[in-house]
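S.K.: build me a structure from this.
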Amino acid sequence: MTKQDTPGQPASDRHPSSTDQEAGRPWHHLPDGRFRNPKGSPRKNVPLKVALPYFAEMFARSFGRIDVPTSHVLPREIAKAEMDAFLATGDDFVTWLGHASFLIRMAGKTILTDPYLTAYAGPAGFGPKRYVKSGIAIRDLPPIDVLAISHNHYDHLDARALNQIPGKEEMTVVVPLNLGDFFRKRGFAHVIDMDWYDEVKLNDLKVTALPVVHWSRRVGFDYNTSLWAGFAFAAPDHHLFFGGDSGYGPVFKETGETYGPFDTALLGIGAYAPREMMHASHATPEEAIQMAQDLKARRVVGMHWGTVVLTQEPPFEPPERFVAAGERAGYDKDAVWVMKIGETRALQETWPANG
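M.R.: Have a look, this model is predicted:
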């Protein structure tokens with residue numbers, strides 16, 4: 001994008017395919033103030049014969065126990081030591097806290113994404129419960145410069161965690177449209193509501209909100225009244241895409257053509273079964289690899305798995321399918337990352353693209 005924007009304020013050049021010319025508004029803006037997915041996206045239409053068994057199974061599984069491999073999670077003291085070592089060097093890095101929560105260091109700024117860091121993905125102690133703790137304790141998080149929230153679902157927007165995170169008056173919060181007041185009411189001083197394709201410059205870091213295939217709901221009657229988004233983080237030496245929650249759709253090829261290539265893409269690989277119910281909300285591991293190819297991503301990191309049971313697939317199936325799909329697509333094994341919860345890895349500046 002070529003438009004110059006004021007630091008800390010959103011600027012936008014609408015993608016040409018995103019406008020409903022007859023109505024004079026962006027395609028994803030509906031007349032009643034709600035939002036919809038990009039053109040060509042799969043439709044969210046769940047048959048009752050699929051939904052009822054799903055919810056019954058999820059209720060039953062909530063009383064079960066998940067056998068977690070010891071290799072899946074770093075002990076917190078080791079995770080913190082690794083993160084602190086990278087912070088001391090000033091090098092760019094990414095730390096997986098679990099699910100879609102990452103600490104990302106780019107352009108001298110520390111970014112926190114979708115911090116679901118407490119026990120329950122639901123209100124007031126209800127909902128699915130994590131079977132592993134977050135990789136870094138909230139009290140041990142470094143000062144956050146940028147907080148990025150993809151949408152308002154409880155496993156991405158954790159109010160209990162937000163209440164405990166310090167630095168509310170210093171950090172910049174970037175959220176999709178109509179979600180900003182949630183943060184302002186909780187004492188966050190610098191909150192920017194972003195439409196798709198809006199950009200914000202924060203010194204050497206440019207943040208762009210980009211379309212993904214999902215939906216929003218926090219309480220019973222607010223379906224799609226706030227937007228959902230992924231984010232591109234662009235620094236002089238690294239370009240990273242954070243996908244939030246998304247099903248697969250043609251919009252990723254459009255994003256890759258306009259905003260790619262990306263050095264790193266953080267993409268969901270879990271919560272995909274049954275497909276009749278989840279195809280318009282979450283990608284399969286194979287679709288995540290296709291997304292990465294569409295985005296022209298050199299490296300792809302799997303997320304949104306191994307933390308909490310939301311759907312019917314075996315909890316540790318996603319990474320196996322993810323790695324296999326990456327190999328079939330021609331990615332080098334070192335370019336398809338399956339991280340441990342709490343693990344920190346360096347974001348290399350320059351390296352060859354996949355074949």
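S.K.: where do the helices of the chain begin and end?
M.R.: Assigned by DSSP state H, the chain shows helices spanning 48-61, 76-89, 159-164, 180-184, 251-259, 275-278, 285-295, 318-328.
S.K.: tell me, how many residues neighbour Leu112?
M.R.: Residues near Leu112, counting by other CB atoms under 10 Å, number 24. Yep, even glycine has a C-beta here, placed from its N, CA and C like the rest.
S.K.: my bad, should have said Arg43
M.R.: Residues near Arg43, counting by other CB under 10 Å: 8.
S.K.: what of Ser216?
M.R.: Ser216: 23 neighbours (other CB under 10 Å).
S.K.: low-confidence bits of the protein, can you list those?
M.R.: Where the chain drops to pLDDT under 70, the residues are 1-23, 349-355.
S.K.: ok, 50 please
M.R.: Scanning the chain for pLDDT under 50 picks out 1-7, 13-14, 16-17, 21, 350-355.
S.K.: center of it - which residue?
M.R.: Geometric centre of the chain, nearest residue: Gly244, 2.1 Å, by CA atoms, centre = their mean.
S.K.: let me see the contact set for it.
M.R.: 100, 113-114, 150-151, 156, 212, 214, 228-231, 268 (CB atoms under 8 Å, 6 or more residues apart in numbering).
S.K.: which among those residues gets closest to Asp91?
M.R.: Closest approach to Asp91 among the contacts of Gly244 (CB to CB): Thr113, at 18.9 Å.
S.K.: mind giving me the PyMOL command for buried ones among the contacts of Gly244?
M.R.: In PyMOL, a selection of the buried entries from the contacts of Gly244 looks like this (16 or more other CB atoms under 10 Å):
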select buried, resi 100+113+114+150+151+156+212+214+228+229+230+231+268
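S.K.: farthest-apart pair in the contacts of Gly244, please.
M.R.: The most widely separated members of the contacts of Gly244, counting by CB to CB, are Thr113 and His214 (14.8 Å).
S.K.: hmm, back to that, now the contacts of Gly244 as TSV including distance to Arg298?
M.R.: Listed next are the contacts of Gly244 as TSV, based on distance: CB to CB, whole Å:
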residue	distance to Arg298
Ala100	21
Thr113	20
Asp114	23
Ser150	22
His151	26
His156	26
Val212	20
His214	25
Trp228	25
Ala229	22
Gly230	17
Phe231	18
Gly268	19
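S.K.: wait, which of the contacts of Gly244 is closest to Ala121?
M.R.: Using CB to CB, these come closest to Ala121 at His156, 8.6 Å.
S.K.: pull the contacting residues for the closest residue in space to the closest one that isn't next to it in sequence.
M.R.: Excluding the flanking residues, the one nearest His156 by CB to CB, 6 or more residues apart in numbering is Asp114, at 4.1 Å. Asp114 sits next to 99-102, 148-150, 156-157, 244 when contact means CB under 8 Å, 6+ apart.
S.K.: from these, which is closest to Ala273?
M.R.: Out of these, the member with the shortest distance to Ala273 (by CB to CB) is His99, at 16.9 Å.
S.K.: pretty sure that closest one is touching Tyr116, no?
M.R.: Yes. Between His99 and Tyr116 there is a contact at 5.2 Å, judged by CB atoms under 8 Å.
S.K.: still on that earlier bit, reformat the helices of the chain as TSV; add mean neighbour count.
M.R.: Formatted as TSV, those follow (neighbours: other CB atoms under 10 Å):
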stretch	mean neighbour count
helix 48-61	12
helix 76-89	15
helix 159-164	16
helix 180-184	17
helix 251-259	20
helix 275-278	18
helix 285-295	24
helix 318-328	18
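S.K.: among those, which is nearest Thr172?
M.R.: Comparison of these against Thr172 by CB to CB identifies helix 180-184 as nearest, at 10.7 Å.
S.K.: hmm, who's touching that closest one?
M.R.: By CB under 8 Å, 6+ apart, the list of residues contacting helix 180-184 from outside reads 149, 152, 157, 162, 173, 175, 191-193.
S.K.: that older thread, gap between the residue nearest to His156 and Asn37?
M.R.: Distance, Asp114 to Asn37, using CB to CB, to the nearest Å: 19 Å.
S.K.: what's the neighbour count on the residue nearest to Glu170 when sequence neighbours are not counted?
M.R.: Nearest residue to Glu170, sequence neighbours excluded (CB to CB, 6+ apart): Pro143, at 7.2 Å. Using other CB under 10 Å, Pro143 is surrounded by 10 other residues.
S.K.: likewise for Asp158?
M.R.: When counting by other CB under 10 Å, one arrives at 26 neighbours for Asp158.
S.K.: can you map out the strands along the stretch 1-150 of the chain?
M.R.: Per DSSP state E, counting those that start in this stretch, the stretch 1-150 of the chain carries strands over the ranges 11-12, 19-20, 25-26, 93-98, 101-106, 109-113, 146-148.
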